[in-house]
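In: the following comprises the amino acid sequence and a computationally predicted model.
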Amino acid sequence: MQPVTSVSGTAYPWGAKNIDTDIIIPAHWLKTITRVGLGRGAFETVRAQAGNVFDDPRYAGAPILIAGDNFGCGSSREHAAWALADMGVRAVIAPSFSDIFSGNAFKNGIVPVVLPQEAVDRLVEVAKDQPVTVDLETMTVTTPYQDRFTFELDPFRRQCLMQGLDEIGLTMAKDTAISKFEGAVDEHRPWIGSRSGYASIAVNGAGRT
């Protein structure tokens with residue numbers, strides 16, 4: 001996962017409310033076993049409508065999505081976060097998120113920014129022709145018009161995003177401590193340690209009398 005300290009650039013000025021994960025990525029795209037290419041199916045039903053914001057060349061490749069209340073509701077499919085990441089979105093700004101979507105976004109390097117509805121409404125207007133910046137260092141969203149909105153983020157999640165650590169990365173960062181612990185178990189409690197032959201005997205002898 002790539003570290004995220006700030007996300008700046010064009011933003012999709014959408015603002016739609018109650019966008020569920022089926023709208024973010026329709027169910028027939030869930031057959032894939034890879035994250036690559038899911039961006040093509042992102043917001044498929046919305047893109048079927050003429051004049052939609054996602055196919056507007058002014059916002060092509062935007063790293064920020066401005067949405068409405070209750071973004072990411074519905075099923076728990078992590079593919080929704082995968083699809084957003086594949087289309088280049090690194091931050092989503094909304095008044096509220098589904099808890100599961102918020103967690104999935106965090107695990108995939110996407111910053112879920114919660115701001116009041118008035119701030120979101122203002123950003124939707126500004127983003128129509130101006131860039132937006134989400135800064136994790138200062139915990140602010142700013143615009144060239146001197147708008148400055150502060151937001152909160154769980155300190156642990158903020159640290160993981162800024163260091164580019166997902167669950168695998170967090171585990172790998174503890175590799176030395178894990179190896180030391182396993183070594184101590186082998187030394188002091190060899191009957192349960194990974195180097196013990198007892199575990200193998202127990203497995204191979206399972207069911208025997």
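Out: All right, it came through fine. These numbers come from a predicted model, not from an experiment.

In: tell me how far stretch 2-19 is from the chain's mean position?
Out: 11 Å (C-alpha atoms, centre = their mean, to the nearest Å).

In: repeat for stretch 19-38
Out: Using C-alpha atoms, centre = their mean, the offset of stretch 19-38 from its chain centre is 14 Å.

In: buried sites along that stretch?
Out: I19, D20, T21, D22, I23, I24, I25, P26, W29, L30, L38 (16 or more other C-beta atoms under 10 Å). C-beta: built from backbone N, CA, C; applies to glycine.

In: among the residues you listed, which lie within helices?
Out: T21, D22, I23, I24 (DSSP state H).

In: in CSV: those, plus distance to G164 and pLDDT.
Out: As requested, those are exported to CSV (distance: C-beta to C-beta, whole Å; pLDDT from 0 to 100):
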residue, distance to G164, pLDDT
T21, 25, 97
D22, 30, 97
I23, 29, 98
I24, 23, 98
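
In: check contacts around V53.
Out: Y12, P13, W14, Y59 (C-beta atoms under 8 Å, 6 or more residues apart in numbering).

In: how close does it get to P95?
Out: Here V53 is placed at a distance of 18 Å from P95 (C-beta to C-beta, to the nearest Å).

In: which residues sit in contact with P144?
Out: Shown in contact with P144 (C-beta under 8 Å, 6+ apart): Q130, P131.

In: same question but for R35, I mixed them up
Out: Neighbouring residues of R35 by C-beta under 8 Å, 6+ apart: W82, A85, D86.

In: and these, which is closest to M162?
Out: A85 (16.8 Å; C-beta to C-beta).

In: the closest residue to the closest one other than its chain neighbours: neighbour count?
Out: Among residues not flanking A85 along the chain, N108 sits closest, at 5.1 Å (C-beta to C-beta, 6 or more residues apart in numbering). N108: 19 surrounding residues under other C-beta atoms under 10 Å.
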